[in-house]
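**Student:** My questions are about this predicted structure, shown below with the sequence.
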Amino acid sequence: MKDERLLEMQVFKAVAGHGGFTAAATALGVSQPFVSRTLNHLEKRLGVALLRRSTRQIHLTEEGKTFLVSCNKIIGDIEMAEGQISSTGSSPAGDLRITAATSFGMDQIVPLLPEFLALYPGVRVRLSLSDNLVDIIGNGFDVAIRMGHLQDSMLLSRKLCHLQRLVVAAPSYLARHGTPQTPDDLVRHNCLQWEAPMDHLNHWPFMIDGQRTSVEIHGNFQFTSGMSSVELCLAGVGLTRMAEHFATPAIRQKRLVPLLADFQAQDDTAIYAVYAKERHIHPRVRAFVDYLLEKFKQPPWLK
């Protein structure tokens, strides 16, 4: 009797990864009814619901989340086993699933992809940009680009470069409201604020009399995406503490002015490439991480 379990896992993984039956069918090159029948048969055989379906989207049940982790591991092990035999000495190939924060991904990762894809034409990149901290293993990602501090010991990481933030404002804002001379002056200025869960970044660090201290800022605009704060800062709405990959080029172009440089505190955070611990790292994952390490050896915004 033909064993269809692997096929069912691949279909379920595609539905979960693409967020719907139609998108999964397109990715797999099969019909939408085939995907639906396969998932129905899988759920019936397992005796549990893996998906909650609505008119517009699907959501994984708790059982579905658990099953997806196993599917990712099993399918990944099969791909790796085949790759070790059939791809020895050949170029990396197959799907490379990447996740990154929206602002850094659009500004720094997307511009690097054309060259990477040209170097490795057998690789198919699937990029997901989100400001939410995603479960790499549970959601089937190969590599995540993360900023800040790392805590997950189940993952491997490679530091790409240091991450520094700079307090900046547009010339138009400073012309209307004046330039802060000390961190204490920030109480009189409109400072753009992060919303939870990133609201810890609303405490700006400074060095005052040799001591590191933080100033809680306030303003009339709150955001969840760093890109929106960049646009409003450039438009002269308020001050922000901006990642240097955005700030440095804008300062060079005189679109932004650096502030409180004498009180600058060095950040102890960095940008990392993060991936799952495996006995054998898949060639396409290794190739992409090595590519990023080379590209960020001298960060593009510092060139």
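**Tutor:** Noted; the coordinates are in hand. Numbers count the residues shown, from 1 in each chain.
**Student:** from here on, contacts and neighbour counts on C-alpha atoms
**Tutor:** Fine.
**Student:** what's the closest non-adjacent residue to Leu256?
**Tutor:** Nearest residue to Leu256, sequence neighbours excluded (CA to CA, 6 or more residues apart in numbering): Ala170, at 4.5 Å.
**Student:** What is the burial count for that neighbour?
**Tutor:** 23 (other CA atoms under 10 Å).
**Student:** what's the nearest residue to Arg124 if we skip its chain neighbours?
**Tutor:** Here the residue nearest Arg124, using CA to CA, 6+ apart, is Asp95, at 4.7 Å.
**Student:** Output the below-cut-off pLDDT ranges for this protein.
**Tutor:** In the predicted model, the chain carries pLDDT under 70 at residues 1-2, 55-56, 79-90, 150-154, 278-280.
**Student:** Need the residue closest to the centroid of it.
**Tutor:** Centroid check for the chain by CA atoms, centre = their mean gives Ala100 as the closest residue, at 1.4 Å.
**Student:** okay but that residue is in contact with Asn132, surely?
**Tutor:** No - applying CA atoms under 8 Å as the test, Ala100 and Asn132 come out as separate, 9.2 Å apart.
**Student:** got the contact list for the residue nearest to Leu256?
**Tutor:** Residues near Ala170 by CA atoms under 8 Å, 6 or more residues apart in numbering: 233-236, 238-239, 255-257.
**Student:** try 7 Å
**Tutor:** By CA atoms under 7 Å, 6 or more residues apart in numbering, the contact set of Ala170 is 233-234, 236, 255-257.
**Student:** could the residues you listed be laid out in JSON lines, adding distance to Pro111?
**Tutor:** Formatted as JSON lines, those follow (distance: CA to CA, whole Å):
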{"residue": "Cys233", "distance to Pro111": "23"}
{"residue": "Leu234", "distance to Pro111": "22"}
{"residue": "Gly236", "distance to Pro111": "27"}
{"residue": "Arg255", "distance to Pro111": "22"}
{"residue": "Leu256", "distance to Pro111": "23"}
{"residue": "Val257", "distance to Pro111": "26"}
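**Student:** Looking at those, which are in helices?
**Tutor:** Secondary structure from DSSP state H places 233-234 of the contacts of Ala170 in helices.
**Student:** On the three-state scheme, the residue lying closest to Leu163 once chain neighbours are set aside is what?
**Tutor:** Of all residues not flanking Leu163 in the chain, Ala270 sits nearest, at 4.4 Å (CA to CA, 6+ apart). Using DSSP: H, G, I helix; E, B strand; the rest coil, the structure places Ala270 in strand.
**Student:** Quick check: Ala270 vs Ala287, distance?
**Tutor:** Computed as CA to CA, to the nearest Å, the Ala270 to Ala287 distance reads 21 Å.
**Student:** again, but for Gly105
**Tutor:** 18 Å.
**Student:** Equivalent analysis for His203, please.
**Tutor:** Look at His203 and Ala287: by CA to CA, they are 38 Å apart.
**Student:** repeat for Ser103
**Tutor:** Distance from Ser103 to Ala287, by CA to CA: 23 Å.
**Student:** neighbour count winner among these two?
**Tutor:** Ser103 (20 against 17).
**Student:** is it true that that one lies in a helix?
**Tutor:** Yes - the assignment for Ser103 (three-state DSSP) places it in a helix.
**Student:** Give me the neighbour count for the closest residue to it other than its chain neighbours.
**Tutor:** Closest residue to Ser103 apart from its sequence neighbours, by CA to CA, 6+ apart: Met227 at 5.3 Å. Neighbour count for Met227, taken as other CA under 10 Å: 17.
**Student:** isn't there a helix covering Met227?
**Tutor:** Yes - under three-state DSSP, Met227 falls within a helix.
**Student:** Can you give me the distance of it to Phe104?
**Tutor:** 9 Å.
**Student:** Leu186 too?
**Tutor:** Applying CA to CA to Leu186 and Phe104 gives a distance of 27 Å.
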